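K.L.:
the following block contains a protein sequence and its predicted model.
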Amino acid sequence: MSASTIVDIRATPVTVPLQAPLLHSNGAHWGRFVRTVVEVETADGYVGLGELGGGGQAASAAVTGLLDYLKGHDVFRLESMRFAVCNPTASLYNNRTQVHAAIEFACLDIIGQKLGIPVSEFLGGRVRDSLDFASYLFFRRPDEVTGQGEVRTVEQLTAHLRQLKAEHGFRVHKLKGGVYPPRHELACYQALAAAAPGERLRLAGRRGNLGGRVRRLHGPGVSDPGDPRPAGQEHGDHPAGRAGHAGHQHGQAPAVVVLALFAD
């Protein structure tokens, strides 16, 4: 099999408008999401796609500037590519992790195309053949121009859930927490579970006072796989924790919840 060597790297910034500002524990996404689509082209005619967060002139320049490092590089040689882009000496004063990830993913895409198999097959094999696309429920400020789109109260959040279900048929839902006091967010979660009986629901926290929020958010149907304590001790000796654990055992909430801990 002949080598597939890189001849070009292209970057295209993309902005996706938002209906209203999306709130998280560090502030808000105002007006739009910005991403950069990365294309890697090879001498034998393949084009692979990757993506990184953020965009604009600086992001595009960071991507295309790596062509000097990678022109003529075989896309199958992923580890040597990583070292060329991110080796600890040359990258001591820069952070190319996101850019490298986008280019590597584009190379994986090309490898899959050339071998005629899904990327998952040479990364260890797929776990399942399909999965449901989840709705992503954010608390939102009203749009500054139209005044529309606010999601703050329990009623507004459940109405937003029903709208998304009606428009797109979602059966899995994820609520972005870490914005309001834990008691309010727990009430919102419980209302969502009641509004979508039998459907899967996740609560995702973003940094902030996450440890305290995790401990206080335990209630019927809320589980925390990120808790470092041994099984059975997740709720400590606090009466509210014991009550929440008992409620979960007796199936009072009609949804399965995973508390996702991440800091992106």
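P.N.:
On my side now, so go ahead.

K.L.:
which element is F76 on?
P.N.:
Per DSSP states H and E: F76 is located in neither a helix nor a strand.

K.L.:
for the one 5 residues further on, same thing?
P.N.:
Using DSSP H and E, the secondary-structure element containing M81 is helix 78-86.

K.L.:
please apply the same query to Y69.
P.N.:
Y69 belongs to helix 67-70, assigned by DSSP H and E.

K.L.:
helices and strands around that helix, which ones?
P.N.:
Using 3 or more CB pairs under 8 Å, 6 or more residues apart in numbering; DSSP states H and E as the contact test, the elements touching helix 67-70 are strand 6-17, helix 78-86. C-betas here are computed from N, CA, C, even on glycine.

K.L.:
go through the ones you listed and find the least confident stretch.
P.N.:
Per-stretch mean pLDDT for the helices and strands packed on helix 67-70 is lowest at helix 78-86 (a mean of 91).

K.L.:
buried set for the helix holding M81?
P.N.:
Neighbour-count burial for helix 78-86, counted by 16 or more other CB atoms under 10 Å, picks out M81, R82, A84, V85, C86.

K.L.:
ok so, going back, next one: the helix holding Y69 to chain centre, how far?
P.N.:
For helix 67-70, the separation from the chain centroid amounts to 29 Å (computed by CA atoms, centre = their mean, to the nearest Å).

K.L.:
farthest pair within the buried residues of helix 78-86?
P.N.:
Greatest spatial distance in the buried residues of helix 78-86: M81 and C86, 9.1 Å, computed using CB to CB.

K.L.:
quickly list what's touching both of these two.
P.N.:
In terms of CB atoms under 8 Å, 6 or more residues apart in numbering, M81 and C86 are both contacted by the residues H100.

K.L.:
for A20, give me phi and psi.
P.N.:
Here is the backbone geometry of A20 (degrees, to the nearest 10): phi -160, psi 160.

K.L.:
got it, and L161?
P.N.:
With angles defined as degrees, to the nearest 10, L161 sits at phi -60, psi -50.

K.L.:
neighbours around it, how many?
P.N.:
Other residues near L161 number 23, with proximity taken as other CB atoms under 10 Å.

K.L.:
show the model's pLDDT score for it.
P.N.:
Note for L161: predicted pLDDT of 97.
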